[in-house]
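> Give me a model of this one.
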Amino acid sequence: MLWIVPKEVTLLGEPLNGVRGITVSRTARGVIEEWSDLGPFATFVDATQVSVEVRIEREVREEGAGVSGGLALGAQGELSFVASPSGASGHGEAVRGTVVVTGVRHDLAGGEGPRQVITCRAVSSDGSSDPLGPAGGGGKS
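Residues are numbered from 1 along each chain as shown. Model prediction:
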């Protein structure tokens, strides 16, 4: 999933300004595959464990950059934002979930000014619920 220029982004209870995009990547960490005797291709595949990575990219500005004091790796809290299908959309959907900060990187290269990339892993409340979803729906899938 990719959201371009989400609005009202908060991470660990503090606002994040200048967010250019948020991506959510899902990776199977545990996979079961089975084959039959009829050919070389798998006849059953299941992703038994799924890791959800969230990547937040934002412009860093001197004033109002948000997240005072920096982000501690391993810090856990809520990520929330309002996303719309495009920047031209008037309405949006509130998205939220619990995340753990796994990386913070700063980049000075490029003509767009300094940027910060924050990576997180999303955490499910019970192991079966999707850890990132609509704010009103509890993140169930």
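
> pretty sure Leu132 is touching Val50, no?
No - with contact defined as C-beta atoms under 8 Å, Leu132 does not reach Val50; the gap is 11.5 Å. C-beta here means a position set from N, CA and C on the backbone, and glycine is covered the same way.

> Compare the two and say which is more crowded by neighbours.
Relative neighbour count places Leu132 above the other of Leu132 and Val50, with 23 against 14, counting by other C-beta atoms under 10 Å.

> where are the low-confidence patches of the protein?
Applying pLDDT under 70 to the chain flags the ranges 62-69, 85-90, 110-111, 136-141.

> Show me the residue sitting in the middle of it in space.
Val54 (2.3 Å; C-alpha atoms, centre = their mean).

> After the helix or strand where that one lies, which helix or strand is next?
For Val54, the enclosing helix or strand under DSSP states H and E is strand 42-59. The first helix or strand that comes after strand 42-59 along the chain, using DSSP H and E, is strand 76-83.

> what are the pairing partners of that following strand, and which direction each?
In its sheet, strand 76-83 lies beside strand 7-11 (antiparallel), strand 93-107 (antiparallel), with partners assigned from DSSP bridges.

> one step back: what is the orientation angle of the strand holding Val54 with strand 93-107?
Calculated by axes from the mean of the first three to the mean of the last three C-alpha atoms, to 10 degrees, strand 42-59 forms an angle of 70 degrees with strand 93-107.

> What is strand 42-59 packed up against?
Packed against strand 42-59, as judged by 3 or more C-beta pairs under 8 Å, 6 or more residues apart in numbering; DSSP states H and E, are the following elements: strand 19-35, strand 93-107, strand 115-123.
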